[in-house]
Structures are given as C-alpha cells and as structure tokens.
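Enquirer: Next one to model:
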Amino acid sequence: SSGSSSSAQFGTTVEDGTVLWLQLSDTDQNRIKFNEVLGLTPVNTLLALTAAAVTDMAQVPIQPVILGAIPVLAAHTVWRDQTPPELLAYGLDLVAGVITLNFSEPVVLSTATGLIFSSHAHNTTNGYMEYALTHAGGGAQTVREALGTVLLLQLSSTDLSILQGAGLATEANTSLLTFGTSPHPVSDTAVPGNAAAPVQARVPVAYRYYAAPEVDTVHPAAGQASGGTVITVRGRNFVQAALRAQAGAAVAATALPVTVYVSGTLPPVPLLPGAAGTGVVVWNDTLLTLETPAHSGVVSTPVRVQVELDHSRALLATVEAAFTYLAAPVVQAVFPAAVSLQGGTVLTIQGQNFGPPSLAQTGPAVSVNLTTGGGESVACTGVVVSAPLNATTDVLTCTMGGSLSAAGWVAVALTVDRTTTVAPAAIRALAAPTVTSVYPRVGHADVATAVTVQGQHFGPAEAGPSVTVTVGSHACTSLTVMNDTSLTCLVPPHVGEGEVQVTVDEVGSALAGVTFVSFENSSAVGLAELALNVLETAAWASVRLVRLATPHGFPAPVTVQVATHAGTATSPEYFLSHQGNVTLGDRELEAWFSFNITAASRVQVGPRKGAEDDRELAVRLESATALFGPAQLISAASATTVTIRAVCSALTDQCFVDALPQGVIVYLRADGLDQ
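Expert: So this is what the prediction gives:
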C-alpha cells in the first residue's frame, strides 16, 4: 500500500462482507507495473498477508497464509493491463540533446522508436517538414523516481544535427512531436505490451535551447583577398556558459560550437574558447576573433559575415556588407613631391585599395614607410585614411616621423593589412634652402612689389613642398616656385629693410645678407647754401643739395636736375651753362654736386669785352624725380637757386669754373696764370 492514496471498501456481491476490494492508487499501480515481473500471471502474482494486515469483525487478525517459508497468497485471478499508456507531456532540451516523454504509466525502454518531429513553421509542398528520429548512437533511459513513467531519450548526433540544421526543433511552438500505433514507438510493461496512444503534432511543455547570437560590430571591415586578416567580432551569446551548465557536467565541460562564415566561405575549424591560434577563437560571451580565408573572387565587393551557433541555421546572426576583400594597394601619387630632411612633413598619398576611412574605425591596419637609396628608413605616423577622392582614388595622410641624413630620392612603401606596395623614387628629400639674390631689391611702401628670389633647394615647380618667403617680418604672397633654384612672389606694402628668407617644408634658409628695401615717399629737396663767390685768385666754397627727413627714415631715391644760367651777364652767349643730374640715393638726405661754367668749351662768337661780361651767374634746381612715388622741390626760391659772382680780368679771353672732388668749386684761368 502506498498509504492514503489507495482506498478500501466492502464488495457489493457478497453481503456478509467476506469480500474486500482494494482500489490501488496510481502510484501503487505504477510501482507494480514498473517491476515488470509483478501482476503478469496468477503464479507469480503473490500477496503477502501479515496478522496485522486485516482483522475480522471481532478484531481478530487474519491468520497469515504460508506458502513455503514465506507467508504469501497466490492470486486466484489476474486481469492483464489492456490500457495503452498516454503521453501526458513532452519536453525538448536541445542543449543536452534530450527528449523527455512523460507517460501515464510505466513504459518499456526498448520500444521507444518511430518518433517523428515536424515543423509547420517551415513550409514545403506539403505545408510542413518532418523527420523520423533514428536514435543511432543515442540512448534511452527511464527515471526510476518517476516509476518508469518518464522516458528520457538521448538524441544521436545525427538526429540532433538534422533537427538543428533543418530548423525543425529550434522554437518551442514549432517543435511538434508525432507518433502512431505502427510501428509501436512506446509500449507499457504489460504482456503483451500496450502501444501508446497516438500523438499528433504535440507542442513541448518544456523547451530549452540557446539564445540566437547577436553581432554588433565587425572590425576591421576590410582586408586582403589573400586572407589571414584577424577580424574581431563583438556581440552577445557566443558562450552561454550558464545554460550549458544547466544541461549537465558533460555539456558544460565542452565549448558551444561556433562557426563564422565570410561570404559563405568557411574558415578553419573553430577552436575552444580562450585558445590562441588560427581559425575562430571565442574569448568570452561577447567577443570572438578569426582569420579570414582567402577569397579572390569577390575583390572590392562587400560581403556578409555570419556567426552560427551549434551548427544550427536557426541560430545564425548575419551582418550584410560587413567585410570587403581588397586587392593589393596601389600608390598613384604622393604629395608633396619633395620633403625636408628634418621630418615632420605631412604626406598625402593617393591610390587604391586603402580600405574604409579611418573615421569609421572599421578599416584594416595601414602603415607607411620611407626608405632612401642608402637604406635609411623612416616610418610615417598618424596614418589617416580619408574619404575617397572619387570612385577610383583613395586618399590617406601621414606625418614623416623622423629625419633623414642625406638628400636624394626616397621610396614610399604602403602596407595595407600585411600586403605592401613600394613606389620607388616617389619623393625627393631636400637639403636646407639657400638664398643668393633678390630682384628687384627695392620697392615702394604703397604697393606690393613682384620679386624674383634665386637660391637652391626650393623643390619642384609642381606638387612641391610647402614654401614661404619673408622679408624681415613681412610674409610674401602669390608665391610661385619656378624650379629648384628660382621662385617669384609679391612683397607686401611696408616701409623698411628686411632680410630675404625662404622656408621649405618648415626649414628656413640661413640669413645671407640678401635684403629688400621698401621706400616711403621722398621729402622736399632744396639747396643748403644760397650764394657762392668765386674769385680770380681761386677762392672756393661748397654747394650742398639736401632734403627733409621722412617719418620712417626710408625716403625713396630722388634725382634732381641742376642747370646753370647766365643771370645778369651782358654777354651770356660767351659762356656755356652745363646742365646735369644730382641723385640722393638710398636713405641719403644730402649730396654734393658740381657744375662747369666755361667759355672755353665752345667757339666764342666774339672777343671778350671784360669782367662785366660774366659778372653774375645762377645755379638753379630745375626738377626732382623720385624712384618711387612723388618728389618735389622746396617751394621757396631761395632754396632752389644759388647766385655765383665771378671775376675774370685776366689778359686771356678764356676762363672757366670747374669742380674738384668733394663738391669744391674752383675758378681757374685757362692760360694757367692762376697757378
């Protein structure tokens, strides 16, 4: 007896109460059936009675029935169990690969055949897919604690892979179980056994399977078609260790199978989580890495990346256009075409197959190295791939990370994801620039002056390095490099003198004394002395031309026209007034000038009449012309004219006035008597 779950009553066919009916509980029935040797025939169905089991009406215990040494009573009649077991519920655990069948009564293990799985979620011509389990390589067992009413069916690897791969049992509401009466999939312990009642498309009451993987990022998003690019995939559900632990120690001791496909190409065999090496490496539940397989057939076309769990197409995460196979990089042009030896130059490289822009943070590893003919190498730093210039031109920039020791041609090596392309003699390393001359070397403060600067190491005329020119503290504009030794530019309006310096790629030329002067307008010009007396006995005096000071001390050079006139002489035709120019040069405020007054320099038209003929002569400033800007004479007449009184009473009719060095004017006699 199992206790209160069973019940007893007097029989209805014998009124005196000599017949007792015991209604067995379900538990008692299942215990008897589960032993498989009880209740089969009257011979082996024995009931043990003890004195305390039943008493009569007078409370006298029934005497034990003795059969041999055991107090038992053989059954008079045994009615065989003819009720088919019913499937009360079923559960599906695809993590452990176990089907749980819960029946209404104990069942026999060896008869668990003929189970069919179907899924109405996968339409075919018949409206659903189905698969008959084979159990090959699997096993079945009953749970003793449930008295054989629960059947655990261990799926074979074949069954499990087909269920997963075909998507027949990857969701609870579509994992439908069906079995009929022939062949008998399950039978109870009766002899002969009763086949389980047919089941049609039963949905599991318990279901366990992995959560589908999720992929957030794939990095890098491009790599070489030769394969071997290490891709990092970040997402979720790559390990699911807690779920595998629930499935038992055997499952927990192994890794969840993870497969990654790149454009349908299967990479090497996946490795265990945390292992290092090639192929797929699952590091944790959110991170895995793999090396891409070679795939030259889809160069430059984005392909999908898929992560699959447990070999199940139902557990598949797909990221479209996640990765692009690149052909070998191509270098089309490098700017500037020349760089300084000291480094620090920002290079721009145009070409193809550089990968996605750096801003997207999805591109492959890109590096640039510069190598001289002598084998000296410098790496570029800060490589940044920009947005493509057009459909066929990629662009990147980097900074020359170090200095070179010798000028000459330099090769540029571009590496994209371990594939390197070398562009020989792509750029030229320049020595420091030098300046030898500037023309013109002067200009005016009010306008920009176009100049030509001569020197060395200015770089090429096209695609050259950064070049600047300064005059003192003033930067030139509209600069054009003509060739390696010549350039032109505009000196901005300013006042003063400055040294000309050329800077190429941030390396300045040494100061070599080549200067440019920008003049301001000249001030008014006049004479310092207002009278000059020249005697026959060779007395002398000096005549000075002066101009006023300017605000900045850089007056433009000015040329003054000086003429000598006869004044009050009665015979001016006997004398020649010499006209000449006097120049006040660079920043000069005064100058000495000379003139000739001579009758001997031309044929006389008549005899000399005496001293009164050349009694008084005049030296006058006629005009002023500046090199830049306006020029003027001092307006006062006294500042522009010098009166000369000359005495010539010698016996000869020839006399003249001449000038000696330092602007000294001397009156001489032509006959030499003045000696």
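Enquirer: mind checking which helix or strand the closest residue to Arg441 other than its chain neighbours is in?
Expert: Excluding its sequence neighbours, the residue lying closest to Arg441 (Cβ to Cβ, 6 or more residues apart in numbering) is Phe516, at 5.5 Å. For the C-beta atoms, the positions are set from N, CA and C on the backbone; glycine is no exception. Using DSSP states H and E, Phe516 maps to strand 515-519.
Enquirer: The residue nearest to Val72 when sequence neighbours are not counted: how many residues sit nearby?
Expert: Leaving aside its chain neighbours, Val72 sits nearest to Leu46 (4.1 Å; criterion: Cβ to Cβ, 6+ apart). Using other Cβ atoms under 10 Å, Leu46 has 15 other residues around it.
Enquirer: again with Ser156
Expert: 17.
Enquirer: any idea how far Lys33 is from Asp26?
Expert: Using Cβ to Cβ, to the nearest Å, Lys33 is found at 10 Å from Asp26.
Enquirer: List the single closest residue to Thr41 in space, sequence neighbours excluded.
Expert: Thr41 sits nearest to Val78 (Cβ to Cβ, 6+ apart), 6.0 Å away.
Enquirer: was I right about Arg208 contacting Val98?
Expert: No. At 9.3 Å, Arg208 does not count as touching Val98 under the criterion of Cβ atoms under 8 Å.
Enquirer: Comparing those two, which shows the higher neighbour count?
Expert: Val98 (20 against 16).
Enquirer: Now do the more buried one, the pLDDT please.
Expert: On pLDDT, Val98 comes in at 85.
Enquirer: check contacts around it.
Expert: Residues near Val98 by Cβ atoms under 8 Å, 6 or more residues apart in numbering: 152-155.
Enquirer: neighbour-wise, which of the residues you listed leads?
Expert: Leu155 (28 neighbours).
Enquirer: Against Leu153, how distant is the residue lying closest to it once chain neighbours are set aside?
Expert: Among residues not flanking Leu155 along the chain, Gly97 sits closest, at 4.4 Å (Cβ to Cβ, 6+ apart). Gly97 sits 9 Å away from Leu153, taking Cβ to Cβ as the criterion.
Enquirer: now swap in Val560 and tell me
Expert: Val560 is 124 Å from Leu153, by Cβ to Cβ.
Enquirer: Please apply the same query to Thr583.
Expert: Taking Cβ to Cβ, one finds Thr583 at 120 Å from Leu153.
Enquirer: likewise Ala249?
Expert: 20 Å.
Enquirer: Phe238 now?
Expert: For Phe238 relative to Leu153 (Cβ to Cβ), the value is 29 Å.
Enquirer: Ser358 now?
Expert: For Ser358 relative to Leu153 (Cβ to Cβ), the value is 56 Å.
Enquirer: Likewise for Ile116?
Expert: 13 Å.
Enquirer: What of Arg244?
Expert: Arg244 is 20 Å from Leu153, by Cβ to Cβ.
Enquirer: was I right about Gly355 contacting Pro220?
Expert: Yes. Contact criterion Cβ under 8 Å: Gly355 and Pro220 qualify, at 7.0 Å.
Enquirer: Return every residue with contacts to both of these two.
Expert: In contact with both Gly355 and Pro220: 363-364, 417, using Cβ under 8 Å, 6+ apart.
Enquirer: Scan those and report the most crowded one.
Expert: Neighbour tally across those (other Cβ under 10 Å): the maximum, 26 neighbours, falls on Pro364.
Enquirer: who's in contact with that one?
Expert: 220, 222-224, 229, 326, 355, 416-417.
Enquirer: what's the closest of those residues to Val385?
Expert: Gly355 (6.2 Å; Cβ to Cβ).
Enquirer: out of Lys33 and Asp26, which sits in the more crowded spot?
Expert: Lys33 (22 against 14).
Enquirer: So the more buried one sits against Gly193, correct?
Expert: No. In this structure, Lys33 is not within contact of Gly193 by Cβ under 8 Å, at 10.6 Å.
Enquirer: who's Arg234 bridged to?
Expert: Counting by DSSP bridges, Arg234 forms beta bridges with Thr217, Leu287.
Enquirer: That one and Pro302: what is the separation?
Expert: Counting by Cβ to Cβ, the gap from Arg234 to Pro302 is 19 Å.
Enquirer: got a list of what the closest residue to Asn194 other than its chain neighbours touches?
Expert: Counting by Cβ to Cβ, 6+ apart, Pro84 is the residue found nearest to Asn194 once chain neighbours are left out, at 4.4 Å. Counting by Cβ under 8 Å, 6+ apart, Pro84 touches 188, 194-197.
Enquirer: Which one of those residues is nearest to Gly496?
Expert: Taking these together and measuring to Gly496 by Cβ to Cβ, the closest member is Ala196, at 112.0 Å.
Enquirer: Near that closest one, how many other residues are there?
Expert: 27.
Enquirer: in terms of contact, does it touch Pro106 like I think?
Expert: No. With contact defined as Cβ under 8 Å, Ala196 does not reach Pro106; the gap is 11.6 Å.
Enquirer: Identify the contacts common to these two.
Expert: 85, 188.
Enquirer: Helices of the stretch 51-200 of the chain, start to end?
Expert: 157-165 (DSSP state H, counting those that start in this stretch).
Enquirer: Actually, the chain.
Expert: Under the criterion DSSP state H, the chain carries helices at the ranges 26-34, 157-165, 241-246, 249-252.
Enquirer: Of all those helices, which one is nearest Pro493?
Expert: helix 241-246 (78.1 Å).
Enquirer: which secondary structure elements does that closest one contact?
Expert: helix 249-252 (3 or more Cβ pairs under 8 Å, 6 or more residues apart in numbering; DSSP states H and E).
Enquirer: what does the helix it packs on contact?
Expert: 95-96, 241, 244-245.
Enquirer: Show me which of those residues is closest to Thr485.
Expert: Nearest to Thr485 among the contacts of helix 249-252, with distances taken as Cβ to Cβ, is Ala241, at 72.9 Å.
Enquirer: roughly how far apart are the closest one and Thr372?
Expert: Taking Cβ to Cβ, one finds Ala241 at 55 Å from Thr372.
Enquirer: With neighbour numbers in mind, choose between these two.
Expert: A count of neighbours by other Cβ under 10 Å puts Thr372 above the other of Ala241 and Thr372, at 17 against 13.
Enquirer: Is the nearest residue to the more buried one once chain neighbours are set aside bridged to anything, and to what?
Expert: Counting by Cβ to Cβ, 6+ apart, Val410 is the residue found nearest to Thr372 once chain neighbours are left out, at 5.5 Å. Beta bridges link Val410 to Thr372, Ile427 when assigned by DSSP bridges.
Enquirer: pLDDT value on Val410, please?
Expert: 94.
Enquirer: Just confirm it contacts Ala423, I think it does.
Expert: No. Using Cβ under 8 Å as the test, Val410 is too far from Ala423 to be in contact (9.8 Å).
Enquirer: higher neighbour count, those two?
Expert: It is Val410, of Val410 and Ala423, that has more neighbours when counted by other Cβ under 10 Å, with 24 against 18.
Enquirer: Thanks again, I'm all set now.
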